[in-house]
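Visitor: coords please:
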Amino acid sequence: MRLLRPLIAALACLLLMPGTAWCRLKPLPQPQLSAAEKLYRLGVLPDGSALRGERRGTEPVEGAAAACAGCHRRSGFGVEEGRIVIPPITGGYLFRVGTTDAAQMNHPGSEASPARRSRYSFETLARAIREGVDPDGRRLDYLLPRFALDDATMKLLIGYLGQLSAHPAPGALTDTLQFATIVTPDADAKQRDAMLEVLNHFFGNKNAFYRGDDPPLQSQRRIHFRVLRRWQLHQWDLSGPPETWEDQLHARFRLEPVFAVVSGVGGRTWEPVHRFCESEALPCLLPNVDLPVVAEGDFYSVYFSRGVLVEADVIAQRLSGAAAGTSDSSAPRRVVQVFRGNDIGAGAARQLAADLTPLGDTVSLRELRGREATHELADIVRETSAADALVLWLRPADLAGLPAGGPLPRSVWVSGLMGGLEAAPLPARWRVAAHMTYPFELPARRTIAMDYPLGWFSIQHIPVIEERTQTNTYLACAILAQAAGTMLNNFVPDYLIERVEVELSHRVVNGYYPRLGLAPGQRFASKGAYVVRFPDPGGKRLLAEGDWVVP
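Guide: As a prediction, the model looks like this:
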């Protein structure tokens, strides 16, 4: 099925959206890695064979499992995993004298102070890599594999470590960290205004506590959250068709180099923004988009959720009976998907078609074309048999036009993201018949988690006009602040992404989401959705049909 999905998705793309620039079949371009980068990140030796690491008393590791980046991370700054501390291996850390002096505590790592050691040289570092011995003859931790590298490969690796993460990002060269937020021309104006108000208030509050550079701390314990820099926000408003956005962004970036993109708001497509951020190695953190780009191997874009794509996967799982005990009593004869070709529902329909077609399901695609869809919807419903499943990728205005009379298919599905969640204006008989995908915590359960952002909005005198957008924007800023606060002076893009991964997994207050978390390499912090229904013909009360579903 995995092999068929790209072909099915491509075919559905051609059927659904002919001529639209944002439906692309070509993959995002992958950067060409140097031999040193392949060795460090992928565990590939210069001759193309797999790197091999040996550990006493256990099986050897090879290839990606042996790559330095697997433990020390792409930035080289290491990570903390419970009580295990993986130290930095950048040149600035390796080639200086190991110390616990407070004045030199400007490297990342654990609060636990490392043992004093002598400065590495090329020779002693090569011995450490090959034999697991530090410059003073002490055995290194057993977690570090021993690598039998030849002299040329060792020189390549140590040269790479010497320059790894050595230079801050262009937007972090002064006492001010430069950030951008991006607004696409098809973004909802109300969402845009709501996002910008939260961003401006958050940045204003951040700068109100600026103290200037601190003297070295005379303490044996490092304090992570020193405020050393102001924050400046640049608003990048795009214009014109999507195929021009990348060039616009590259031009803005040349004029206004920034350290990262925070939040942002998009409409039908975010792909040009995603491509731009990957090509510039620019972190793009938690934009307000419901149709994100899913591209395995991309590094710099982090999203709250897969949005309508996760809804499609949940519907597919229920319709196909993949989740035991959760499918309908019998498989539908046909799955009829209704959408508008110029909206994100088209991408969701493409995803659902890719999920279902390899399983033998018959998928019918029905695009609404008229401004008023009442008659089109009536025709589609009339042509849908009782044995079919009807999937509605529609906005509230179209849902309100569903026919009030006539028989309904046995299985009706509504996108919660597109339809307005619990406020979806479904006619009464549709309301009690429909299943809705709901990729957030249920309203009654998220009340406590929402107290904090809503309280902050109240203190800041921010009217709540788009609660989800405003809450997500606030969370994006808070996560950025926590991540940047632990970086000290190591403002390099890869390290920011790694710190965001850590901070996301530590959060307790997650707004609309039941949980947020990122393992290394993951780029979608929330992984699933509920399936809910309306138990009453009127009102907003929801009942979950089972637990949180992670497809």
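Visitor: where does the stretch 1-150 of the chain dip in pLDDT?
Guide: Across the stretch 1-150 of the chain, residues meeting the criterion (pLDDT under 70) sit at 1-30, 97-115.
Visitor: contacts only, for the nearest residue to Leu421 once chain neighbours are set aside.
Guide: Among residues not flanking Leu421 along the chain, Tyr438 sits closest, at 6.7 Å (C-beta to C-beta, 6 or more residues apart in numbering). In this view, the C-beta of every residue, glycine as well, is placed from N, C-alpha and C. Neighbour list for Tyr438: Gly416, Leu421, Ala529, Tyr530, Val531, Val532, Leu542, Ala544 [criterion: C-beta atoms under 8 Å, 6 or more residues apart in numbering].
Visitor: now the buried members of the residues you listed.
Guide: Gly416, Leu421, Ala529, Tyr530, Val531, Val532, Leu542 (16 or more other C-beta atoms under 10 Å).
Visitor: now, those that are in helices?
Guide: Per DSSP state H, helices hold the following members of the buried ones among the contacts of Tyr438: Gly416.
Visitor: name the residues of stretch 514-534 that are buried.
Guide: For stretch 514-534, the neighbour count (16+ other C-beta under 10 Å) marks 514, 516-518, 523-534 as buried.
Visitor: ditto for stretch 275-283
Guide: Per 16+ other C-beta under 10 Å, stretch 275-283 contains these buried residues: Arg275, Phe276, Cys277, Glu278, Ser279, Glu280, Leu282, Pro283.
Visitor: list of residues touching that stretch?
Guide: For stretch 275-283, with C-beta under 8 Å, 6+ apart as the criterion, the contacting residues are 28-29, 31, 245-246, 249-250, 253, 258-261, 284, 293, 295, 298-302, 493-494, 496-497, 500.
Visitor: how far off centre is it?
Guide: Relative to its chain's centre, stretch 275-283 lies at 14 Å (C-alpha atoms, centre = their mean, to the nearest Å).
Visitor: just the CA trace of it, in CSV.
Guide: Coordinates of the C-alpha atoms in stretch 275-283 are reproduced here as CSV (Å, rounded to 0.1, in the frame of the first residue of the first chain):
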residue,chain,number,x,y,z
ARG,A,275,10.0,25.2,0.7
PHE,A,276,11.6,28.7,1.4
CYS,A,277,12.3,27.8,5.0
GLU,A,278,13.9,24.5,4.1
SER,A,279,16.1,26.1,1.4
GLU,A,280,17.3,28.9,3.7
ALA,A,281,17.7,26.6,6.8
LEU,A,282,15.3,28.9,8.6
PRO,A,283,13.2,27.5,11.5
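Visitor: could we number from 40 for the rest of this?
Guide: With the count now opening at 40, the last piece we talked about shows up as stretch 314-322.
Visitor: and that stretch, what's its mean pLDDT?
Guide: Looking at stretch 314-322 alone, the average pLDDT works out to 97.
Visitor: repeat that for stretch 299-311.
Guide: Along stretch 299-311, the predicted confidence averages to a pLDDT of 98.
Visitor: quote the end-to-end distance of it.
Guide: Taking C-alpha to C-alpha, to the nearest Å, the first and last residues of stretch 299-311 lie 16 Å apart.
Visitor: before we move on, the earlier item: out of the buried residues of stretch 314-322, list just those in helices.
Guide: Restricting those to those inside helices, with DSSP H as the criterion, leaves Arg314, Phe315, Cys316, Glu317, Ser318.
Visitor: picking up where we left off before, of the buried residues of stretch 314-322, which is the nearest to Ala388?
Guide: Distances from those to Ala388 were compared by C-beta to C-beta; the smallest belongs to Arg314, at 22.9 Å.
Visitor: let's see the host helix or strand of Gln376 as CSV, backbone CA atoms only.
Guide: Element membership for Gln376 (DSSP states H and E) is strand 374-379. Backbone C-alpha positions of strand 374-379 (Å, rounded to 0.1, in the frame of the first residue of the first chain) are rendered in CSV as follows:
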residue,chain,number,x,y,z
VAL,A,374,-17.1,6.8,-0.5
VAL,A,375,-18.4,10.1,-1.9
GLN,A,376,-16.3,13.1,-1.1
VAL,A,377,-17.6,16.6,-1.5
PHE,A,378,-15.2,19.6,-1.5
ARG,A,379,-14.4,22.9,-3.2
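Visitor: what sits up against that strand?
Guide: When contacts are taken as C-beta under 8 Å, 6+ apart, the neighbours of strand 374-379 outside the stretch itself are 55, 358, 384-385, 387-388, 391-392, 395, 400-407, 416, 419, 423, 427-434, 437, 448.
Visitor: strands paired with it, and their directions?
Guide: Strands flanking strand 374-379 in the sheet, each with its direction: strand 402-407 (parallel), strand 428-432 (parallel) (DSSP bridges).
Visitor: so what's Glu540 up against?
Guide: With C-beta under 8 Å, 6+ apart as the criterion, the residues that contact Glu540 are Leu557, Ala558, Pro559, Gln561.
Visitor: and the helices in the stretch 440-589 of the chain?
Guide: Using DSSP state H, counting those that start in this stretch, the helices of the stretch 440-589 of the chain run over 455-458, 467-472, 486-498, 506-524, 532-545.
Visitor: so for Tyr181, which of the ones you listed sits nearest?
Guide: It's helix 532-545; of the helices of the stretch 440-589 of the chain, that one is closest to Tyr181 (C-beta to C-beta) at 24.0 Å.
Visitor: next, the angle helix 506-524 makes with the closest one.
Guide: 120 degrees (axes from the mean of the first three to the mean of the last three C-alpha atoms, to 10 degrees).
Visitor: can you point out the buried residues in helix 532-545?
Guide: By neighbour count with 16+ other C-beta under 10 Å, helix 532-545 contains the buried residues Pro532, Asp533, Tyr534, Leu535, Ile536, Glu537, Arg538, Val539, Glu540, Val541, Glu542, Leu543.
Visitor: my guess is Gly455 contacts His474, does it?
Guide: No: counting by C-beta atoms under 8 Å, Gly455 stays clear of His474, with 9.9 Å between them.
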